[in-house]
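In: Sequence first, then the predicted structure, then my questions.
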Amino acid sequence: MLRPIFISLAFSMLSVTLRAQDFREIPMYVLQDKIRGGWAGQTIGVTFGGPYEFRFQGTFIDQYQALQWDTSLVRKNMLDNPGLYDDLYMDLTFVDVFEKYGLDAPVDSFAQAFARAGYM
(Lines give C-alpha, C1' and ligand atoms only; values in the text may rest on other atoms or scores of the structure.)
Protein backbone atom coordinates (compact mmCIF):
# COMPACT_ATOMS: atom_id res chain seq x y z
CA MET A 1 0.00 0.00 0.00
CA LEU A 2 1.43 3.39 -0.98
CA ARG A 3 -0.05 5.55 1.79
CA PRO A 4 2.41 4.84 4.64
CA ILE A 5 5.52 5.44 2.53
CA PHE A 6 4.01 8.53 0.92
CA ILE A 7 3.33 10.01 4.35
CA SER A 8 6.91 9.18 5.40
CA LEU A 9 8.19 10.78 2.21
CA ALA A 10 6.17 13.92 2.88
CA PHE A 11 7.64 14.20 6.37
CA SER A 12 11.16 13.57 5.03
CA MET A 13 10.84 16.29 2.43
CA LEU A 14 9.55 18.71 5.06
CA SER A 15 12.46 17.93 7.37
CA VAL A 16 14.95 18.81 4.64
CA THR A 17 13.40 22.22 3.97
CA LEU A 18 12.45 23.37 7.48
CA ARG A 19 14.58 24.24 10.48
CA ALA A 20 13.79 22.54 13.80
CA GLN A 21 11.98 25.58 15.23
CA ASP A 22 9.69 25.66 12.17
CA PHE A 23 8.10 22.30 13.02
CA ARG A 24 4.69 21.89 14.51
CA GLU A 25 2.74 18.72 14.98
CA ILE A 26 -0.51 18.06 13.17
CA PRO A 27 -2.77 15.06 13.51
CA MET A 28 -2.27 12.27 10.97
CA TYR A 29 -5.79 12.75 9.56
CA VAL A 30 -4.96 16.41 8.81
CA LEU A 31 -1.78 15.42 6.98
CA GLN A 32 -3.66 12.75 5.01
CA ASP A 33 -6.34 15.30 4.09
CA LYS A 34 -3.68 17.74 2.85
CA ILE A 35 -1.96 15.04 0.78
CA ARG A 36 -5.28 13.92 -0.73
CA GLY A 37 -6.10 17.56 -1.49
CA GLY A 38 -2.77 17.98 -3.25
CA TRP A 39 -3.35 14.88 -5.41
CA ALA A 40 -6.91 16.01 -6.19
CA GLY A 41 -5.68 19.49 -7.12
CA GLN A 42 -3.01 18.10 -9.41
CA THR A 43 -5.51 15.74 -11.07
CA ILE A 44 -8.08 18.49 -11.59
CA GLY A 45 -5.43 20.90 -12.87
CA VAL A 46 -4.12 18.39 -15.40
CA THR A 47 -7.66 17.61 -16.55
CA PHE A 48 -8.60 21.28 -16.87
CA GLY A 49 -5.40 22.32 -18.64
CA GLY A 50 -5.05 19.29 -20.90
CA PRO A 51 -7.07 20.59 -23.85
CA TYR A 52 -5.01 23.82 -23.90
CA GLU A 53 -1.55 22.38 -23.31
CA PHE A 54 0.91 23.48 -26.02
CA ARG A 55 -1.84 25.32 -27.96
CA PHE A 56 -1.05 28.83 -26.73
CA GLN A 57 2.74 28.85 -26.64
CA GLY A 58 4.29 32.27 -26.17
CA THR A 59 0.96 33.97 -25.61
CA PHE A 60 -1.90 34.26 -23.16
CA ILE A 61 -5.27 32.59 -23.58
CA ASP A 62 -7.48 35.57 -24.41
CA GLN A 63 -10.84 36.23 -22.80
CA TYR A 64 -12.67 35.30 -25.99
CA GLN A 65 -11.44 31.70 -25.66
CA ALA A 66 -14.07 29.80 -23.67
CA LEU A 67 -12.47 27.31 -21.30
CA GLN A 68 -14.45 24.11 -20.85
CA TRP A 69 -15.03 22.36 -17.53
CA ASP A 70 -17.44 19.66 -16.48
CA THR A 71 -17.19 17.42 -13.42
CA SER A 72 -17.35 14.34 -15.67
CA LEU A 73 -14.09 15.29 -17.44
CA VAL A 74 -11.79 13.67 -14.88
CA ARG A 75 -13.37 10.23 -15.23
CA LYS A 76 -13.74 10.55 -19.01
CA ASN A 77 -10.09 11.56 -19.49
CA MET A 78 -8.79 8.92 -17.07
CA LEU A 79 -10.52 6.27 -19.19
CA ASP A 80 -10.14 7.74 -22.70
CA ASN A 81 -6.93 9.78 -22.47
CA PRO A 82 -4.72 8.30 -19.70
CA GLY A 83 -1.52 9.72 -21.22
CA LEU A 84 -2.70 13.16 -20.13
CA TYR A 85 -1.85 12.15 -16.56
CA ASP A 86 1.85 11.49 -17.14
CA ASP A 87 2.78 13.83 -14.27
CA LEU A 88 0.64 11.76 -11.92
CA TYR A 89 1.83 8.31 -12.89
CA MET A 90 5.43 9.49 -12.82
CA ASP A 91 4.86 10.72 -9.25
CA LEU A 92 3.35 7.35 -8.34
CA THR A 93 6.35 5.60 -9.89
CA PHE A 94 8.60 7.70 -7.66
CA VAL A 95 6.58 6.77 -4.56
CA ASP A 96 6.55 3.08 -5.57
CA VAL A 97 10.37 3.00 -5.70
CA PHE A 98 10.53 4.41 -2.17
CA GLU A 99 8.04 1.81 -0.99
CA LYS A 100 10.04 -1.06 -2.51
CA TYR A 101 13.59 0.08 -1.71
CA GLY A 102 13.25 2.63 1.08
CA LEU A 103 14.20 6.29 1.28
CA ASP A 104 17.82 5.46 0.37
CA ALA A 105 16.77 3.77 -2.89
CA PRO A 106 19.61 3.55 -5.42
CA VAL A 107 19.42 5.98 -8.33
CA ASP A 108 19.28 3.22 -10.94
CA SER A 109 16.07 1.88 -9.37
CA PHE A 110 14.38 5.20 -10.25
CA ALA A 111 15.75 5.12 -13.79
CA GLN A 112 14.49 1.57 -14.34
CA ALA A 113 11.08 2.35 -12.84
CA PHE A 114 10.67 5.50 -14.96
CA ALA A 115 11.75 3.62 -18.10
CA ARG A 116 9.04 1.01 -17.47
CA ALA A 117 6.34 3.47 -16.31
CA GLY A 118 3.14 2.84 -18.20
CA TYR A 119 4.16 -0.72 -19.10
CA MET A 120 3.55 -2.28 -15.69
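Out: Right, received. Where do you want to start? Residues are numbered from 1 along each chain as shown.
In: per-residue pLDDT, the residue sitting nearest the centre point of the chain?
Out: Centroid-nearest residue in the chain: Leu88, 4.3 Å away (criterion: C-alpha atoms, centre = their mean). At Leu88, the model reports a pLDDT of 81.
In: Specify the helix with the largest residue count in the chain.
Out: Of all the segments assigned as helix in the chain under DSSP state H, the longest by residue count is helix 28-49.
In: in what helix or strand does the most far-flung residue of the chain relative to its centre lie?
Out: Within the chain, the residue lying farthest from the chain centre (C-alpha atoms, centre = their mean) is Tyr64, at 30.8 Å. For Tyr64, there is no enclosing helix or strand under DSSP states H and E.
In: Please report the distance of it from Pro51.
Out: 16 Å (C-beta to C-beta, to the nearest Å). C-beta: built from backbone N, CA, C; applies to glycine.
In: Low-confidence stretches in this structure?
Out: 1-21, 118-120 (pLDDT under 70).
In: Please, where are all the helices along it?
Out: Listed in chain order, the helices of the chain (DSSP H) span residues 3-17, 28-49, 73-80, 86-101, 107-116.
In: Now for the residue farthest from the centre of the chain: which residues touch it?
Out: For Tyr64, no residue meets the contact criterion (C-beta atoms under 8 Å, 6 or more residues apart in numbering).
In: so how far is Asp87 from Tyr105?
Out: Just to correct that, residue 105 is Ala rather than Tyr. Using C-beta to C-beta, one gets 20 Å for the distance from Ala105 to Asp87.
In: actually Gly102, not the one I wrote
Out: Gly102 sits 24 Å away from Asp87 when distances are taken as C-beta to C-beta.
In: likewise Pro51?
Out: With distances defined as C-beta to C-beta, the gap from Pro51 to Asp87 amounts to 16 Å.
In: Which of these two has more residues huddled nearby?
Out: Neighbours of Pro51 and Asp87, each counted by other C-beta atoms under 10 Å, are more numerous for Pro51; the result is 14 against 11.
In: Spatially nearest residue to that one (excluding sequence neighbours)?
Out: Spatial nearest neighbour of Pro51, excluding adjacent residues (C-beta to C-beta, 6 or more residues apart in numbering): Gln68 at 6.7 Å.
In: Also Asn81?
Out: Closest residue to Asn81 in three dimensions, ignoring its sequence neighbours and counting by C-beta to C-beta, 6+ apart: Gly50, at 7.2 Å.
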